[in-house]
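Trainee: I would like the atomic coordinates for the input below:
(chains A, B and C)
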Amino acid sequence: MMFVLVDCNNFYVSCERVFNPKLKNRPVIVLSNNDGCIVSRSDEFKKLGVSVGAPFFKVKEQILKLNTAVFSSNYTLYRNMSDRVMQSLSFFCDDLEIYSIDEAFLKIPDLSPEELTQFGQEIKETVEKWTGIPVSVGIAKTKTLAKAANEIAKINFRKGAGDLKGVLYLDLNDSDKYLEKLEISEVWGVGRKYTKKLQAEGIYFAKDFKDKSLDWIEKKMTIVGRKTAQELNGIVCFDLENNPEPKKGILSSRSFGKKVTDIKDLSQAVAYHAGIVGEKLRKQKSVAGRISVFVISNRFLDNFYYNSQAINLPISSNDTVELTKKALEGLENIFKKGISYKKVGTMATELTSEDEIQLSLYEDCDDRREAVNKT
DNA sequence: TCTGGGGTCCTAGGACCC
DNA sequence: TCTGGGGTCCTAGGACCC
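Mentor: Residues are numbered from 1 along each chain as shown, chains lettered A, B, ... in the order given. Down below sits the predicted model:
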C-alpha cells in the first residue's frame, strides 16, 4: 500500500484568491483574530522568511510595501472550500483521512513509480480544476515519508525549479538523495525544541536522523521519535485514521483586543466560552465530566501569570447553565487582582456520549430500587 | 535506627500538529 | 501600542492500594 498526502498550497490565501481572481498575481496575507498574527501568506513572503505565526505588527511595514492585500480570516469560507476539496478527493479513493482543514491522506494500492506519479498529477489537476485551489501531492510507503515528499515537491515548486510540478513519489530505493537535503526541522514530528536538540548532536538533515540508532532516538525523543525514524525508513507506524473517534476535549478561547483587569469582564468572557463549549458538545452529542477554565496574561511581558482550574461535574453534562456556573466558580478561584489579562478560555474534558449518561442515570435508579427492595 | 515490592490512577507539564 | 485558536500524545511523579 501507498500513502498519498494532498496538501493545499497557502490554503487561506488560495481561498481568498478563488473569490477574487485579481489577487492571483498580488501578494496576499491572512491574519488571525484581532489581526494579531499571520496565519497564511503567499509565496513571496515564504521566500522573504515571513513565517506563519509571525506577529503582524513586526512585519507590517515590509508587507505593505509590496502592495499586499491583507485579510482578516473568514473561517466559514475556508471551511466551505475545504469541504469541496475533500469531496473532490473522495472521488479518487474511499480510503481517505481528513487530517486537517487543508490536508488529507489517501491510501492506495502499490503501482509502478510512473503510475504513482501520474496518479498524483491527476489528483492535483482535478482538485485545481474543480475547486480553484492549488495543491501539492506527496506519495510514499509511510505517512511521514509522504509528508516529506509533499514538502520536497512544494520547495521544488517554489524555487521555480519546477521539474516536479508539485507532485513527488518518493521511492524507498532512492529516498536518500532527497532526505539528505531535507532539513531536520521539516520532518513531520520534529518541532522547534527537538530541532535544536538534534542539531546540537550534529543532526541537520532527515537522512542523518533516519540513520541514527532507534534506541538513541527513543531516549532523546520518547517513543514518538522512534516511530518517526522508523517511518522514514519505510516501516509503517501511523496508519490511516478515517474513523475519527469523537473529540476528547473541546476548547473555546480568545485573546482580548484590549487590556482586561476586571473580574466582571473576565466572567463575561468565560460565560461566553462556556456557551460555545456547550453548543459544540451538544452538536457532537457528548457530555463533559470536567470543565476547566484558564486565564493568561501577556506572555511577552514580565510578571507573566497563568493559572487554571478544573472542576469535576457531579453528573456529566452539556448544559450551558451548568457548565457556566462551574466555570465561573473556577474563575473566582484563580482570579488575581492587578493582572492585565490577555486571554481566557473554557475547556471541557472527559467527554462521553449523551446516550451513555442517560443509561447510567437509569442504572443509578435501578441500584436504588434494588437497595430499597433488599431492606 | 531499621522501613518491600508491585500495581493503578491521576495530574501537570512538555512536546508536537495544523 | 499591537504576538491566534484548537487539538493530540507521552512521561514523570505523587497518591493510593494490597
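Trainee: who is the most centrally placed residue in chain A paired with across the strands?
Mentor: Taking C-alpha atoms, centre = their mean, the centroid of chain A lies closest to A:Ser100, which sits 5.9 Å from it. A:Ser100 has these beta-bridge partners by DSSP bridges: A:Glu103.
Trainee: so for it, what's the pLDDT?
Mentor: Listed pLDDT for A:Ser100 reads 97.
Trainee: cool, A:Asn373 as well?
Mentor: With respect to pLDDT, A:Asn373 has a value of 41.
Trainee: next, count neighbours for whatever residue of chain A ends up closest to DNA strand B.
Mentor: Closest approach between chain A and DNA strand B, counting by C-beta to the nearest atom of the strand: A:Gly191, at 2.4 Å. In short, each C-beta sits where N, CA and C put it, glycine included. By other C-beta atoms under 10 Å, the residues close to A:Gly191 number 10.
Trainee: show me what contacts the nearest residue to it once chain neighbours are set aside?
Mentor: Among residues not flanking A:Gly191 along the chain, A:Ser185 sits closest, at 8.0 Å (C-beta to C-beta, 6 or more residues apart in numbering). Counting by C-beta atoms under 8 Å, 6 or more residues apart in numbering, A:Ser185 makes contact with A:Gly191, A:Arg192, A:Thr195.
Trainee: would TSV of those residues with distance to A:Asn25 and secondary structure be doable?
Mentor: Below are the contacts of A:Ser185 laid out as TSV (distance: C-beta to C-beta, whole Å; DSSP: H, G, I helix; E, B strand; the rest coil):
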residue	distance to A:Asn25	secondary structure
A:Gly191	34	coil
A:Arg192	33	helix
A:Thr195	34	helix
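Trainee: return the member of these nearest to DNA strand C.
Mentor: Nearest to DNA strand C, judged by C-beta to the nearest atom of the strand, of those is A:Gly191 at 9.9 Å.
Trainee: right, is the host helix or strand of A:Ala288 up against DNA strand C?
Mentor: A:Ala288 is part of strand A:286-297 when elements are defined by DSSP states H and E. No. Strand A:286-297 is not in contact with DNA strand C by C-beta under 7 Å from any atom of the strand; minimum separation 9.2 Å.
Trainee: and that strand, which residues are buried?
Mentor: Buried residues in strand A:286-297, counted by 16 or more other C-beta atoms under 10 Å: A:Ser286, A:Val287, A:Ala288, A:Gly289, A:Arg290, A:Ile291, A:Ser292, A:Val293, A:Phe294, A:Val295, A:Ile296, A:Ser297.
Trainee: what helices and strands are in contact with it?
Mentor: strand A:249-260, helix A:263-283, strand A:306-317, helix A:320-334, strand A:341-353, helix A:354-374 (3 or more C-beta pairs under 8 Å, 6 or more residues apart in numbering; DSSP states H and E).
Trainee: do me a favour and average the pLDDT over that strand.
Mentor: Across strand A:286-297, pLDDT averages out at 94.
Trainee: given that strand, what are its sheet partners and their directions?
Mentor: Strand A:286-297 pairs in its sheet with strand A:306-317 (antiparallel), strand A:341-353 (antiparallel), by DSSP bridges.
Trainee: deepest-packed of these, please.
Mentor: strand A:341-353 (a mean of 20; mean count of other C-beta atoms under 10 Å).
Trainee: least confident of the helices and strands packed on strand A:286-297, on average?
Mentor: helix A:354-374 (a mean of 53).
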